[in-house]
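Chemist: Fold the following.
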Amino acid sequence: MTKTRTDRSGVRVVVAGDRGTGKSSLIAAIASDSFPETVLPVLPPTLLPADFFPDYVPLTVIDTSYRLEKQNKLNEELKGADVVVLTYACNDSQSFSRLISYWFRELQKLEARKYIIYFVIQVTVPIIVVGCKLDLRDESQQVSLERLLEQLLQEFKNVATCIECSAATLYQVPEVFYFAQKAVLHPVDPLFDHENQALTDQCVRALRRIFVLCDRDMDDALNDAELNDFQVRCFNAPLQSSEIEDVKTVVQQKVPEGINSNGLTFPGFMFIHSMFLRKGHPETLWAVLRDFGYDNDLKLKDEFLPVPAKIAPDQSVELTGEAVEFLNGIFRLLDTDKDRALRPAEVDKLFCTAPKSPWNDAPYSDAAERTDMGYISLNGFLSQWAFMTLLDPQCSLANLIYIGYSGNPAAALRVTRRRSVDRKKQATGRNVFQCYVFGSKNAGKSALLDALLRRPFSNSYTPTTVEKFAANGIDLIGGTRKTLVLREIPESEVLKVLSNQDYLAACDVAVFVYDSSDEYSWKKSRELLEKVAGQGDLTGYRFPCLLIAAKDDLTPYPRAVQDSVKATQELGIEAPIHVSMKLGDSSNVYNKIVSAAEHPHLSIPETEIGKKRKQYHRIVQNSLIFASVGTAIAVVGLAACRAYAVKRNSST
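Modeler: Predicted coordinates for the structure are as follows:
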């Protein structure tokens, strides 16, 4: 008996149904391999050991009572089930009718309640419909299994299978629990779309990645050697030449485009796996998927994603040079027209082996530089990957692997040094800097982000209600290049930022934007600067801060210039940077932001909290110095006394 790979340590099977439908007898029969003359009304939990079935996973079978006073207990058991075996009596047509009129409705209610209570995506457990007491059925009044299947499968998508059995004769009793275990360990729903009668999109994407990995000569077909290597890897059993030819013959008959002169094409590869599903063998397809690292959600398992762990919240994760080199190569490969930009179709092709494109949704969908045609440039492409790695290292590593990164996954990412250490060392080795952008409404924050992405200035104003991001590469003197990520914080979200210590720990630089022509905007920016810098002092996560006087093309608020210079002097930071995105005058602001991040010990505001803390440390240090001096004097005095005593004793 061949073991099938699975991560499950056990399966919980709950048997439910009307009174007298044979629940307890069914469980007793599988446990003892015999039909007991007497059986308890409700059996205690029954353990079927791991070697009962090919998957070597133990089953815990829970019997239930239909009595009204046991309803709460029944509901709790059903909510905790991995799979439900729902019984009716083959000799009682009314018990079959109640499957639809009562039992399925109750199960739907329980799932709905579970969804409301736990606020998670509703996932229904598989149901095995079992007709018991087959030996007692009157053939003239039998419930047609075909009609049952058709009726139930149309209305209830989580019915995995229907089967009839007899505990008295032991007919198909083991099969009931085999199908129950199989429905949990090898679920069909993630793989097959019953409505369209085709493999799901996620399954197709996973198979495409597997096909590409197996296609070592990259000719879009699996030759005999590649097909045999695939078979050995997944099933530890080589294919004979005659078996390979038989496979090709079947594929060519059913899917002519599935075979070409080089071997088995991707349509043929898909057909073979779809055929296993149609024949009721999802475990075969799951064996392939799990061998290549997929879990039941058709995503890579965590153990295939060795993301380096951050020891402290003020560390971040970046791509290594090896990963960046791989991405450069992937870009060149996809850029078939050599225009140094990827069209939407080319980006879709990039992620066709991933569960979905991670860049279709926020925050990535609008965060990268694009050409006038809306294509993503090489600069935007690399910046987008750097941004995704900063924000979600696991997602970044997973997608690197999905698109074909074959190096050691542990060598694709690196953890940076702590920002607090960077400040002490007065230098940093980071390649990606995150800058928080604060300011009042309509101060010009979004325009700052748009200009980083080289987008034209827009006169229309749309308030920012959720965080926005912009990421791009910045060329520095000496030929080095850093990635700058601007993170716009809406005014309404500032309190949330200040209350989250880890949030501030991830900041390299904070900029405070104000409309230089507006009194309120300037005062709000100054207020935000003091609050954010003060919170940095309280938490110990201090970072450089810069003031940006936006809309420099407008008539300035009379006192803003004088007050802003005075404020920066008091805080010990640089004078405000004046910009006008409307006129295209950015005053080299992005290079200045990066420069502040590269010299993290400079431009840190001196707040009242910080000044008091420094004063306290000076007092403590001075006290320690005085104490040390006093101790030294006492030691010298004691030594002198001892020397004098020795001299006196020797003279006498």
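
Chemist: Would you map the helices across the stretch 401-550 of the chain?
Modeler: Applying DSSP state H, counting those that start in this stretch to the stretch 401-550 of the chain gives helices spanning 419-425, 445-452, 494-499, 501-505, 519-539.

Chemist: Looking at those, which is nearest to Phe269?
Modeler: Closest to Phe269 of those, according to Cβ to Cβ: helix 445-452, at 43.5 Å. Every residue, glycine included, has its C-beta placed from N, CA and C.

Chemist: hang on, the earlier thing: just the helices of the stretch 401-550 of the chain: most buried one?
Modeler: For those, average neighbour numbers computed from mean count of other Cβ atoms under 10 Å are highest in helix 445-452, which has a mean of 22.

Chemist: That one: how far from the chain's middle?
Modeler: Mean-position distance between helix 445-452 and its chain equals 28 Å (Cα atoms, centre = their mean, to the nearest Å).

Chemist: okay, Arg542: pLDDT?
Modeler: Looking at Arg542, its pLDDT stands at 92.

Chemist: Low-confidence bits of the stretch 51-200 of the chain, can you list those?
Modeler: Residue ranges of the stretch 51-200 of the chain with pLDDT under 70: 69, 111-123, 140-150, 153.

Chemist: how about the strands in it?
Modeler: Applying DSSP state E, counting those that start in this stretch to the stretch 51-200 of the chain gives strands spanning 59-63, 83-89, 127-132, 159-164, 192-193, 198-199.

Chemist: can you list those in JSON lines and add mean neighbour count and distance to Pro282?
Modeler: Output for these, formatted as JSON lines (neighbours: other Cβ atoms under 10 Å; distance: least, Cβ to Cβ, whole Å):
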{"stretch": "strand 59-63", "mean neighbour count": "21", "distance to Pro282": "18"}
{"stretch": "strand 83-89", "mean neighbour count": "25", "distance to Pro282": "14"}
{"stretch": "strand 127-132", "mean neighbour count": "28", "distance to Pro282": "14"}
{"stretch": "strand 159-164", "mean neighbour count": "20", "distance to Pro282": "10"}
{"stretch": "strand 192-193", "mean neighbour count": "16", "distance to Pro282": "8"}
{"stretch": "strand 198-199", "mean neighbour count": "16", "distance to Pro282": "11"}
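
Chemist: Quick one: closest of the ones you listed to Asn236.
Modeler: Per Cβ to Cβ, nearest to Asn236 of the strands of the stretch 51-200 of the chain: strand 198-199, 24.7 Å.

Chemist: That closest one packs against which elements?
Modeler: For strand 198-199, the packing partners by 3 or more Cβ pairs under 8 Å, 6 or more residues apart in numbering; DSSP states H and E come out as strand 192-193, helix 266-278.

Chemist: from the ones you listed, which stretch is densest packed?
Modeler: Highest mean neighbour count among those (mean count of other Cβ under 10 Å): helix 266-278, with a mean of 18.

Chemist: Gly404 contacts Ile210, correct?
Modeler: No - counting by Cβ atoms under 8 Å, Gly404 stays clear of Ile210, with 11.7 Å between them.

Chemist: returning to what we had before: Throw the strands of the stretch 51-200 of the chain into CSV and include distance to Cys352, thanks.
Modeler: Putting the strands of the stretch 51-200 of the chain into CSV (distance: least, Cβ to Cβ, whole Å) gives the following:
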stretch, distance to Cys352
strand 59-63, 38
strand 83-89, 33
strand 127-132, 34
strand 159-164, 30
strand 192-193, 18
strand 198-199, 14
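
Chemist: Indicate which one of these is closest to Lys551.
Modeler: That would be strand 192-193 among the strands of the stretch 51-200 of the chain, by Cβ to Cβ, at 53.1 Å.

Chemist: contacting residues around the residue nearest to Asp193 when sequence neighbours are not counted?
Modeler: Distances taken as Cβ to Cβ, 6 or more residues apart in numbering place Thr200 nearest to Asp193, at 5.0 Å, with adjacent residues excluded. For Thr200, the contacting residues are Pro190, Leu191, Phe192, Asp193, Leu298, by Cβ atoms under 8 Å, 6 or more residues apart in numbering.

Chemist: Kindly state the beta-bridge partners for the fourth one.
Modeler: Using DSSP bridges, the beta-bridge partners of Asp193 come out as Ala198.

Chemist: Then Ser580?
Modeler: Asp585.

Chemist: close enough to count as contact, it and Lys551?
Modeler: Yes - at 6.4 Å, Ser580 and Lys551 qualify as touching, with contact defined as Cβ under 8 Å.

Chemist: Looking at these two, which is more packed in?
Modeler: Counted by other Cβ atoms under 10 Å, Ser580 and Lys551 do not tie: Lys551 has more neighbours, with 24 against 19.

Chemist: Correct me if wrong: the more buried one contacts Lys582.
Modeler: Yes - assessed by Cβ under 8 Å, Lys551 is found in contact with Lys582 at 7.3 Å.

Chemist: shared neighbours of these two, anything?
Modeler: Residues touching both Lys551 and Lys582 by Cβ under 8 Å, 6+ apart: none at all.

Chemist: The residue nearest the centre of the chain and Ala386: what is the separation?
Modeler: Nearest to the mean C-alpha position of the chain, by Cα atoms, centre = their mean, lies Cys395 at 5.2 Å. According to Cβ to Cβ, to the nearest Å, Cys395 stands 13 Å off from Ala386.

Chemist: now do Pro267
Modeler: Going from Pro267 to Ala386 by Cβ to Cβ gives 36 Å.

Chemist: could you dump the helices and strands packed on strand 198-199 to JSON lines with distance to Pro409?
Modeler: JSON lines is the format used below for the helices and strands packed on strand 198-199 (distance: least, Cβ to Cβ, whole Å):
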{"stretch": "strand 192-193", "distance to Pro409": "30"}
{"stretch": "helix 266-278", "distance to Pro409": "25"}
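
Chemist: I'd like to know which of these lies nearest to Phe304.
Modeler: Across the helices and strands packed on strand 198-199, Phe304 has its closest neighbour in helix 266-278 (20.6 Å, Cβ to Cβ).

Chemist: Check which helices and strands that closest one sits against.
Modeler: Packing partners of helix 266-278 (3+ Cβ pairs under 8 Å, 6+ apart): strand 198-199, helix 201-214, helix 241-254, helix 282-291.

Chemist: quick check: angle from it to helix 201-214?
Modeler: Counting by axes from the mean of the first three to the mean of the last three Cα atoms, to 10 degrees, helix 266-278 lies at 130 degrees to helix 201-214.

Chemist: mind checking the end-to-end distance for stretch 78-88?
Modeler: 17 Å (Cα to Cα, to the nearest Å).

Chemist: Residues in contact with that stretch: which ones?
Modeler: Under the contact criterion Cβ under 8 Å, 6+ apart, stretch 78-88 has outside partners 11-18, 21-23, 26, 62, 64, 95-96, 98-99, 103, 107, 110, 114, 125-132, 143, 160, 176-177, 180-181, 183-184.

Chemist: Give me the subset of those residues lying in helices.
Modeler: 23, 26, 95-96, 98, 107, 110, 114, 176-177, 180-181, 183-184 (DSSP state H).

Chemist: List the contacts of the residue lying closest to Gln434 once chain neighbours are set aside.
Modeler: Using Cβ to Cβ, 6+ apart and skipping residues adjacent in sequence, the residue nearest Gln434 is Val485, 4.8 Å away. Contacts for Val485 (Cβ under 8 Å, 6+ apart) come out as Ala386, Phe387, Leu390, Val432, Phe433, Gln434, Cys435, Phe469, Ala470, Ala471.

Chemist: Mind doing that once more with 6 Å?
Modeler: Contact analysis of Val485 by Cβ atoms under 6 Å, 6 or more residues apart in numbering lists Phe387, Gln434, Ala471.

Chemist: For it, give its distance to Ala550.
Modeler: Relative to Ala550, and taking Cβ to Cβ, Val485 is found at 19 Å.

Chemist: Thanks a lot, see you next time.
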